Structures are given as C-alpha cells and as structure tokens.
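Chemist: sharing a model that was predicted from the sequence below.
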Amino acid sequence: MTKNQLKTVVITGGSSGIGLDTARVLLESPSFRVVLIGRERGKLENAAISLGEGVSQRVSIIACDLSKSSQIESAIKRLQGDFKAIYGLINNAGVYPFGGATTTTEKIWDQTFDINLKA
C-alpha cells in the first residue's frame, strides 16, 4: 500500500493509555497510519518509539494543548497541510481531577471543561 492510500486516523491523548493502545491496534493493519496528539512532545516521541521501528513511517506526532483554541487551530492547519484526508478521529484526550463540587478550584473546573468538553 502506498503512502497516499493509507487511512489516516488522528488520536488525541495519544501519548499513553487508551490512546496509545488504540494506535497500536490500528497499526497492526498495514492500511492505517496514525497521528498522535498530546500536550508533551517528549511523551509523544517516546510513544511513537514504543510503537516500533516497523511502523515509524506510519506514525506522526503533533504537540497540542487541547485546552487552547489557538493550538487546536494550528494542529488542524498542520493536519490539512500534511494529509490528503482524515479517515477517523479518536477524541480520547481527557482529564479526571479528583474532588467535590465545593472543593474543586475554578482553575480545575475550567481545565476540565476546556479539555473534556470544548476540545
């Protein structure tokens, strides 16, 4: 399968956990390439390495803080420039702070809504 025939799947929260495991499963098929999106470039680079050399040409990374609209817009522009089409989106990114409604700070509420709902 040529590079242009690959189905591109974007995975937010792709540097660990469910996002990274989803990428691993998709890459078992030679039909897919994945774009891992996460906040920390170093973690994304390590995630891409962990997927293995055999698939490295089918893995791209984009560092993006999904709580910031300007970074989301930049990521979208990069995706539009780098890939002919996006086959799928796995919007896996999320934060899960612990605390009650009366003890959670406004900053934590805002971060949770920005990442879990708005992104």
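Modeler: Right, received. Where do you want to start? Numbers count the residues shown, from 1 in each chain.
Chemist: now do the contacts for Gly19.
Modeler: Gly19 sits next to 11-13, 36, 38, 90, 92-93 when contact means C-beta atoms under 8 Å, 6 or more residues apart in numbering. Yep, even glycine has a C-beta here, placed from its N, CA and C like the rest.
Chemist: just the ones of those in strands?
Modeler: Secondary structure defined by DSSP state E assigns 11-12, 36, 38, 90 of the contacts of Gly19 to strands.
Chemist: scan those and report the most crowded one.
Modeler: Most neighbours among the ones in strands among the contacts of Gly19, by other C-beta atoms under 10 Å: Leu36, with 27 neighbours.
Chemist: now for the residue lying closest to it once chain neighbours are set aside, how many residues are close by?
Modeler: Closest residue in space to Leu36, ignoring its immediate chain neighbours: Gly14 at 3.1 Å, by C-beta to C-beta, 6 or more residues apart in numbering. Residues within reach of Gly14, counting by other C-beta under 10 Å, total 29.
Chemist: against Gln5, how distant is Gly14?
Modeler: With distances taken as C-beta to C-beta, to the nearest Å, Gly14 is found 22 Å from Gln5.
Chemist: got it, and Leu26?
Modeler: Leu26 sits at a distance of 15 Å from Gln5 (criterion: C-beta to C-beta).
Chemist: neighbour count winner among the two?
Modeler: Comparing Leu26 with Gln5 by other C-beta under 10 Å, the one with more neighbours is Leu26, at 21 against 9.
Chemist: ok, that one - contacts?
Modeler: Here Leu26 is in contact with 9, 32, 34 (criterion: C-beta under 8 Å, 6+ apart).
Chemist: how many neighbouring residues does the second one have?
Modeler: Residue neighbour count, defined by other C-beta under 10 Å, stands at 19 for Phe32.
Chemist: so where's the chain uncertain?
Modeler: Per-residue confidence of the chain (counting by pLDDT under 70) places the weak regions at 1-4.
Chemist: for it, which helix is longest?
Modeler: Using DSSP state H, we find that the single longest helix of the chain is helix 69-82.
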